[in-house]
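Asker: build me a model from this:
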Amino acid sequence: MPRPALAFLLAAIVIALTGCISRPVRNHSPAYRRVDSTAPEYRAAVDREFEAEKAKGKTDSAADLIAEMRVYEQFTSSEKKRRTSGVAPLVAALEAFDRPRGCWAYTVTTTTSTNGKVVEEVERYDPFQPEARLWTLVSRNGRAPDEDDQRSYRREKLREWNQSQARLTEATRKRASVAAKEALNNDFKIVDTEDATRTTFQFADEKSADPKDKEPGFRRTYVVDNASGAILRHTYTVIPGSIGELATVYYDDRTTDYVILDPALPPFPSKVWRRFHRRILLSDSGEIEFTKVFSDYRRVKCYDDRFEVRVGIPSPTDR
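Answerer: The predicted model follows:
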């Protein structure tokens, strides 16, 4: 029962109700609200609602309008519930990811290529040590540092480490809520492995062609172990193109792999890989690629826990 005469009016009403015209380019409405109104099941539902409203004495135009709006809300509500339910295991995995792990020492080997020039750096992190000795440079390009190099390294490394920890804390705090929103607002897909041991959650938000659009498009995936509910891999790709009028992304890809060291704890990073090439104004990053491999994990006592105070009656042997 085609009713094309009302198409413009219906579209205008739906837009007014959903706020779809707030962003006329990319993502002008949440993905869960982008239903296919031409699908057979959708049209069949509209026809059923139309007949029900006609039976109540409504005119054709009124019954048509009510049927279209009601079915649209039914389908979008159902899609929102489906996406929320589907992403729930990932949200739980991301929330669990922030649980305390205690103190662990580890070695990280970083290989960095900048426009083809390769540098390898081996570092040791040990929270058993005081803050000034938290990081130790083991070698750079196979050469052990002297005392001056070590002192300079530790000073700069500690400054960078404290800054990165502040940013990381903020990022991890938002990760679960971001995933929940991305499942509703962007392209979202769930893929199970054939042996049902892992689930991959895929998100995508394509970049618009508008040069004034300052939000880069992206593709993101999380791989979750179904048995433990732990995250095993996270990938993120920025879609190449211009970001606004002053910046360009030639490529930006990153992958983090995780390993389960203790089933009672969240996973630990085992490998981080990234490559990127960006230009902002006249500043060009060049072609940069690095790999960080984490090894030799060892549980240690936290530095602040090394000094235990026992309260009791003093004895002649106390010092």
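Asker: tell me, please, the helix or strand in this protein that averages the lowest pLDDT.
Answerer: One helix or strand of the chain scores below all others by mean pLDDT, DSSP states H and E: helix 7-18, with a mean of 28.
Asker: what's the first helix or strand after that helix?
Answerer: As assigned by DSSP states H and E, the chain's next helix or strand after helix 7-18 is helix 40-55.
Asker: by contact count, what packs against that next one?
Answerer: In terms of contacts (3 or more Cβ pairs under 8 Å, 6 or more residues apart in numbering; DSSP states H and E), helix 40-55 is packed against helix 60-96. Any C-beta I mention is one placed from the backbone N, CA and C, and that applies to glycine too.
Asker: burial check on Glu120, number of neighbours?
Answerer: 13 (other Cβ atoms under 10 Å).
Asker: from memory it sits against Val108, does it?
Answerer: No - using Cβ atoms under 8 Å, Glu120 is not in contact with Val108; the gap is 11.4 Å.
Asker: okay, now the unreliable bits of this protein?
Answerer: Counting by pLDDT under 70, the low-confidence segments of the chain come to 1-28, 169-171, 207-214, 307-319.
Asker: ranges for the strands of it?
Answerer: With strands called from DSSP state E, the chain shows them at 104-114, 117-125, 135-140, 187-192, 198-205, 218-225, 231-238, 241-243, 247-259, 268-280, 283-284, 288-299.
Asker: of the ones you listed, which is nearest Ser61?
Answerer: With Cβ to Cβ as the measure, strand 187-192 is the member of these nearest Ser61 (35.2 Å).
Asker: report the buried residues of the closest one.
Answerer: Going by neighbour count (16 or more other Cβ atoms under 10 Å), the buried part of strand 187-192 is Phe188.
Asker: now find how far off-centre it is within its chain.
Answerer: Offset of strand 187-192 from its chain centre (Cα atoms, centre = their mean, to the nearest Å): 14 Å.
Asker: mind listing what it pairs with, with the direction of each?
Answerer: strand 198-205 (antiparallel) (DSSP bridges).
Asker: so how far is the partner strand from its chain's centroid?
Answerer: 10 Å.
Asker: and the contacts of that strand?
Answerer: Contacts with strand 198-205, where a contact means Cβ atoms under 8 Å, 6 or more residues apart in numbering, come from 26-27, 87, 89-90, 179, 182-183, 185-193, 217-226, 232.
Asker: go again with 7 Å.
Answerer: 27, 87, 89-90, 182, 186-192, 217-226, 232 (Cβ atoms under 7 Å, 6 or more residues apart in numbering).
Asker: buried among those? Make that a PyMOL selection.
Answerer: Entered in PyMOL, the line below selects the buried ones among those, by 16+ other Cβ under 10 Å:
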select buried, resi 27+87+89+90+182+186+188+217+218+219+220+221+222+223+224+225+232
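Asker: reformat the strands of the chain as JSON lines; add distance to Thr38.
Answerer: Conversion of these to JSON lines gives the following (distance: least, Cβ to Cβ, whole Å):
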{"stretch": "strand 104-114", "distance to Thr38": "50"}
{"stretch": "strand 117-125", "distance to Thr38": "55"}
{"stretch": "strand 135-140", "distance to Thr38": "60"}
{"stretch": "strand 187-192", "distance to Thr38": "19"}
{"stretch": "strand 198-205", "distance to Thr38": "23"}
{"stretch": "strand 218-225", "distance to Thr38": "27"}
{"stretch": "strand 231-238", "distance to Thr38": "32"}
{"stretch": "strand 241-243", "distance to Thr38": "31"}
{"stretch": "strand 247-259", "distance to Thr38": "35"}
{"stretch": "strand 268-280", "distance to Thr38": "41"}
{"stretch": "strand 283-284", "distance to Thr38": "47"}
{"stretch": "strand 288-299", "distance to Thr38": "45"}
